[in-house]
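**Q** A predicted structure for the sequence below; I have some questions about it.
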Amino acid sequence: MNKNNFAWRRWLPLFFGLSFGLGACKSGPAEGCRTDAAADAPAVPVQLQRLERAFFGIKTPADAQRFMDAHPAFARYYLQRQPANEKELAAGLPQLATNAALQQLGRETAAAFPDSAALRQDLGEMFRRVHHYFPDFHAPPAVTYVSGFLSKDIYVNDSLLVLSLDWFAGPKASKRPDLPQYMLRRYTPAGLMPMLAQNVSSKYNRHELTANTMLDAMVHAGKSLYFASLMLPCTPDSLLLGYTSREMVGLEANEPRVWGHFLENNLLYSTTPFLVQKYVGERPNVPEIDKTCPGRVGRWVGLQIVRKYVASHPEVSLGRLMAEKNAQRLLNDSHYRPMKN
């Protein structure tokens with residue numbers, strides 16, 4: 001592991017227009033807090049440990065060994081510690097911890113997330129809502145870390161949650177993840193909880209492994225976003241999706257046109273991976289619809305379908321919704337047909 005193993009590069013910002021050339025706009029749930037059925041849910045215990053200080057205290061392989069021994073779950077799941085790579089990790093961690101650029105990033109990350117109590121409260125607020133909807137949920141012990149972007153931004157399983165906070169240090173940091181600008185918008189302190197909520201949703205978001213149509217991908221993503229919107233009732237849709245306010249206004253004003261594009265071009269039942277990626281995957285924009293239409297627009301449409309379904313079926317619990325694998329059934333029963341104003 002080379003202490004200079006930091007592959008960052010600059011990307012030119014990409015700017016998009018307002019609303020597909022149409023002047024109409026409307027406000028959606030992003031304008032205020034959503035209805036919160038879990039507002040009175042009881043608190044759940046939250047364990048949070050900041051590992052940055054201990055990590056940057058590593059100077060020797062022996063220090064690294066003690067660090068891994070002191071945090072066995074973190075070493076096992078996040079550092080992928082195994083007998084075969086024990087010596088390599090023990091030798092590599094000191095090189096990273098003493099890297100001047102990473103130390104500077106660590107200080108900038110600490111400035112972006114100075115308050116452990118506030119972070120613990122944010123986690124507690126989200127976890128108590130998850131427990132409200134899914135009583136079998138147990139909040140995993142959480143740790144924070146500075147990985148230098150060499151490991152995952154967020155790692156979560158039933159035993160451990162790792163938040164690599166340097167990913168979310170924001171635009172003032174001296175180093176940023178090696179991602180294009182339209183993706184970096186999501187990697188700010190405010191973007192941490194929305195991304196975590198969507199990660200947690202994967203525990204409950206059921207999906208047929210053989211279901212590979214555009215509609216399947218859209219609805220699966222829509223369920224994840226809807227889950228996050230309930231866990232974070234005061235987080236605007238723009239943060240959940242990583243869109244600018246202008247992009248949100250454009251989508252809301254042109255929802256019939258966006259939906260019509262999928263219908264007119266027979267896209268919903270396409271199983272071509274390239275096509276699915278175009279509309280659901282990472283991309284700066286979707287010029288097939290309009291040059292100002294933001295990427296991942298299929299996810300946004302999926303969220304609208306899910307919201308329409310829930311509005312039409314208030315008796316369906318979040319657990320039942322997340323367990324529903326049939327995207328076609330959700331679409332049919334939602335009666336989703338956005339109309340032109």
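**A** Good, I have the coordinates.
**Q** Return the residues in contact with residue 143.
**A** Applying CB atoms under 8 Å, 6 or more residues apart in numbering to residue 143 gives the contacts 48, 49, 50, 51, 71, 74, 160, 161, 162, 163. Where C-beta positions appear, they are placed from N, C-alpha and C, glycine not excepted.
**Q** With respect to residue 57, which of these is nearest?
**A** The shortest gap between residue 57 and any of these belongs to residue 51, at 10.2 Å (CB to CB).
**Q** I figured that closest one hits residue 141, correct?
**A** No - counting by CB atoms under 8 Å, residue 51 stays clear of residue 141, with 11.5 Å between them.
**Q** which element is the nearest residue in space to residue 241 that is not next to it in sequence on?
**A** Excluding its sequence neighbours, the residue lying closest to residue 241 (CB to CB, 6 or more residues apart in numbering) is residue 300, at 6.0 Å. Secondary structure assignment for residue 300, by DSSP states H and E: helix 297-312.
**Q** got the buried residues for that helix?
**A** Going by neighbour count (16 or more other CB atoms under 10 Å), the buried part of helix 297-312 is 297-310.
**Q** List buried residues within the contacts of residue 143.
**A** Those of the contacts of residue 143 that meet the buried threshold are 48, 50, 51, 71, 74, 160, 161, 162, 163, by 16+ other CB under 10 Å.
**Q** can I get those residues in TSV with secondary structure and distance to residue 289?
**A** Shown next, in TSV, are the buried ones among the contacts of residue 143 (DSSP: H, G, I helix; E, B strand; the rest coil; distance: CB to CB, whole Å):
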residue	secondary structure	distance to residue 289
48	strand	42
50	strand	44
51	coil	44
71	coil	47
74	helix	43
160	coil	40
161	strand	37
162	strand	37
163	strand	35
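**Q** pLDDT for those - can I get that in JSON lines?
**A** Converted to JSON lines, those look like this (pLDDT from 0 to 100):
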{"residue": "48", "pLDDT": "98"}
{"residue": "50", "pLDDT": "98"}
{"residue": "51", "pLDDT": "98"}
{"residue": "71", "pLDDT": "98"}
{"residue": "74", "pLDDT": "98"}
{"residue": "160", "pLDDT": "98"}
{"residue": "161", "pLDDT": "98"}
{"residue": "162", "pLDDT": "98"}
{"residue": "163", "pLDDT": "98"}
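**Q** want to throw the residues you listed into TSV with distance to residue 210?
**A** Supplementary listing: these in TSV, determined by distance: CB to CB, whole Å:
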residue	distance to residue 210
48	39
50	43
51	40
71	39
74	36
160	31
161	31
162	32
163	34
